[in-house]
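Asks: With the sequence up front, the predicted model follows.
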Amino acid sequence: MMDDITQIKSEVIQCTKCDLAKTRKNSVPGKGYQHSDVMFVGEAPGRSEDMQGEPFVGVAGKILSDALKHAGMSRDSTYITNVVKCRPPNNRIPSCIERESCAEYLQREIQVISPRIVCVLGNTAFNSVLGGSEITKNRGKIIRKDGQLYFVTVHPAATIYRRELLDVLISDIDKLSRIITELKNGKDIPADIEHTP
């Protein structure tokens, strides 16, 4: 049977693959437009997300929404998810086991949404999805892996503690918006980094 977002969401809500199932209030499946041109992938849910069962509904979510608005993009036209679907206690960085437990969900989300570009938010997501590190050196770059385009930028939450990163995020989301427009108009976008198997 062909996957759909409803099926994946249902599996995420019931998931007990790792120990985060014991400490969460709610699983946090991805949310948004199923035919979106862009998918945003963050690290893991925080406290607000754990309470509400939705991604990016806290302070970081508002920052992301504001950056999208600045770029002329509507949040409702995007799909937003995380590498890990349950909140790690005290918002610690998710472990390798936790990331691996959720990896299949993210792969399936990307397959179903089939976005023109996946925007990777922050170091943990960059490492989990693309094996990358040093987000500040690689932000704003386009990466091609297995035929899928990815765009890398800082996590909105990082801008709360480092205000200078807010301009970086806004500038990157503006660039992302231009890239999406070019892709929709049939322009071939060269990748800054090519991942070869």
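Replies: On my side now, so go ahead.
Asks: SS state for the most centrally placed residue in the chain?
Replies: Ranked by distance to the mean C-alpha position of the chain (C-alpha atoms, centre = their mean), the top residue is V41 at 0.7 Å. Under the three-state scheme (DSSP: H, G, I helix; E, B strand; the rest coil), V41 adopts strand.
Asks: Show me what the helix or strand of the chain with the lowest mean pLDDT is packed up against.
Replies: None of the helices or strands of the chain scores lower by mean pLDDT, DSSP states H and E than strand 193-195, at a mean of 84. If you count contacts as 3 or more C-beta pairs under 8 Å, 6 or more residues apart in numbering; DSSP states H and E, strand 193-195 packs onto strand 142-145. Yep, even glycine has a C-beta here, placed from its N, CA and C like the rest.
Asks: So what are the sheet partners of the strand it packs on and their directions?
Replies: strand 148-153 (antiparallel), strand 193-195 (parallel) (DSSP bridges).
Asks: how about low-confidence regions in the chain?
Replies: For the chain, the stretches with pLDDT under 70 are 1-3, 196-197.
Asks: which residues of it fall in strands?
Replies: Secondary structure of the chain (DSSP state E): strands at 31-32, 38-42, 79-82, 117-121, 142-145, 148-153, 193-195.
Asks: Put together TSV for those strands, with distance to M73 on each row.
Replies: Listed next are the strands of the chain as TSV, based on distance: least, C-beta to C-beta, whole Å:
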stretch	distance to M73
strand 31-32	12
strand 38-42	8
strand 79-82	12
strand 117-121	11
strand 142-145	17
strand 148-153	13
strand 193-195	24
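Asks: Select, out of these, the one closest to S177.
Replies: S177 lies closest to strand 38-42 among the strands of the chain, at 8.7 Å (C-beta to C-beta).
Asks: what does that closest one contact?
Replies: Contact with strand 38-42 is made by 30, 32, 55-56, 60, 64, 73, 78-83, 106, 109-110, 113, 115-122, 125, 129, 155-156, 176, 180, as judged by C-beta atoms under 8 Å, 6 or more residues apart in numbering.
Asks: need the longest helix for this structure.
Replies: helix 164-184 (DSSP state H).
Asks: Name the residues of it that are buried.
Replies: By neighbour count with 16 or more other C-beta atoms under 10 Å, helix 164-184 contains the buried residues 165-166, 168-173, 175-177, 179-180, 183.
Asks: What distance do you get for N123 to Q7?
Replies: According to C-beta to C-beta, to the nearest Å, N123 and Q7 sit 30 Å apart.
Asks: I should have written P89 there, sorry.
Replies: 28 Å.
Asks: which one of these two has more residues nearby?
Replies: Q7 (13 against 10; other C-beta atoms under 10 Å).
Asks: which residues touch the closest residue to S95 other than its chain neighbours?
Replies: Spatial nearest neighbour of S95, chain neighbours left out: P88 (7.7 Å); criterion: C-beta to C-beta, 6 or more residues apart in numbering. When contacts are counted by C-beta under 8 Å, 6+ apart, P88 touches L20, A44, P94, S95, E98.
Asks: Report the buried members of the residues you listed.
Replies: Neighbour counting over these (16+ other C-beta under 10 Å) leaves L20, A44, P94, E98 as the buried ones.
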